Structure formats: structure tokens, C-alpha cells
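>>> this one's sequence-less:
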């Protein structure tokens, strides 16, 4: 995984509560192999018409949002089915963080395990932020070491993340990488345990 420390990017507003994983990545993409990539399927039915033409009204089809690496959503973002593909689609498109008042539980966990930073901020803060972003583009500055997000209005907001997930994100580790990084202590324990129980 790519380490996550500090990110400044134009923020992409995705209004509407209960944006489910089927809207983020339609089910017809789920049989695709991971190494093929899922960027083209991100918000597919919202981004494109049936003939493949871009829908000009969708935010990712407009500048400067096309290359945004931070998404701002409403409550219960990425609810619905447990597909990990929703996280993969966001990451493959280039998104590294999502801000919302709340997330689907499984999406939240999948995000942290794959290098996508989900940030919970109060509903009132997100509501004001979305209103501003829908009027004019703005950047968000996220600093993971200090666990702070600076919004376009200059306000700074603390966010929570558990220490293990923070460590893994900062160092670009998935669960397997983390386990491998602990081989020394694991082997020492096994040797000690073997001596004590032989």
C-alpha cells in the first residue's frame, strides 16, 4: 500500500445520504479481477449515460473535480453490500480520503485495510462544507500524524482513528505486511514458548 501522511486536494462533493456501494461500483463489475482495476466503474451509472457518454452534470465529469483525491459525502456513506470493490474503485480512481458524518461499517473497515482514509466529522460541519463545495471548488488539507483536516473556510477539525490503523496507513502496511514486520517478536515468542512447554 502507498503510505498516507499528508494530502492536499480539491474536494469532490457527492451529495445525498445513504450513497450505497452499488452506486459507488455497480454489481456488474464484481466479477472483475483485482489487478484489472476498477477506476472506470467508479460511480459508473451516475457518471455515464447508457451509450457511454459522460453525464455533464455529474461532479467528476467537471473541472477541477476530475482529479480530486478527497470525496465529501453525507451520512451513511457507502452503506449496503459489503463489497470491497467500492474501496478499490475509489482508490483506483485516485481517491485517498473520504469525509462524511458516518459510513457503512464494513466500508469503513475495508477502507482502513486498503489504504483509504475515512474521516468522520459532525453532520453540521459536513453540511456546511458540502454547501460551500457545491457553490465553488475548494481544497481540503489532511494531516494524518496530527489527525486534523483543514477545510476551505480555514477551519481545522480533529478526527479519530485507532492507533493500529493509523500506524498501518502512515507506513503503507496492510494486515499481512504488518504481521511480517513482527516476525522477529513472533519467532522469539515461539522459541520461548517451545522451551517453556517442552
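That came in fine, so what should we check first? Keep in mind the model is a prediction, meaning the values are calculated, not measured.

>>> show me which strand runs longest in this protein.
strand 6-14 (DSSP state E).

>>> mind checking how far it is from the chain centre?
11 Å (C-alpha atoms, centre = their mean, to the nearest Å).

>>> list the buried ones in it?
7, 9, 10, 11, 12, 13, 14 (16 or more other C-beta atoms under 10 Å). From N, CA and C alone the C-beta is placed, and that goes for glycine too.

>>> nearest the middle, which residue of this structure would you pick?
residue 116 (3.5 Å; C-alpha atoms, centre = their mean).

>>> how near is that residue to residue 130?
Relative to residue 130, residue 116 is positioned 20 Å away (C-beta to C-beta, to the nearest Å).

>>> could you pull out the strands for this protein?
6-14, 70-73, 97-100, 117-120, 139-143, 148-150, 156-158.

>>> mind checking which of the ones you listed is nearest residue 169?
Closest to residue 169 of the strands of the chain, according to C-beta to C-beta: strand 117-120, at 6.2 Å.

>>> which residue ranges of the chain form helices?
21-24, 44-47, 85-93, 105-114, 123-135, 163-171, 175-181, 183-196 (DSSP state H).

>>> let me know which of the ones you listed is tucked in deepest.
Ranked by mean neighbour count, the helices of the chain are led by helix 85-93 with a mean of 23 (mean count of other C-beta atoms under 10 Å).

>>> packing partners of it?
Under the contact criterion of 3 or more C-beta pairs under 8 Å, 6 or more residues apart in numbering; DSSP states H and E, helix 85-93 touches helix 21-24, helix 105-114.

>>> the ones you listed into a markdown table, with extra columns for mean pLDDT and distance to residue 184?
Shown next, in a markdown table, are the helices and strands packed on helix 85-93 (pLDDT from 0 to 100; distance: least, C-beta to C-beta, whole Å):
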| stretch | mean pLDDT | distance to residue 184 |
| --- | --- | --- |
| helix 21-24 | 96 | 39 |
| helix 105-114 | 96 | 23 |
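
>>> who wins for proximity to residue 1 among those?
Closest to residue 1 of these is helix 105-114 (C-beta to C-beta; 7.0 Å).

>>> counting by contacts, list what the closest one packs against.
helix 85-93, strand 117-120, helix 163-171.

>>> how about CSV for those, with distance to residue 43 and mean pLDDT added?
Output for the helices and strands packed on helix 105-114, formatted as CSV (distance: least, C-beta to C-beta, whole Å; pLDDT from 0 to 100):
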stretch, distance to residue 43, mean pLDDT
helix 85-93, 8, 97
strand 117-120, 17, 98
helix 163-171, 24, 96
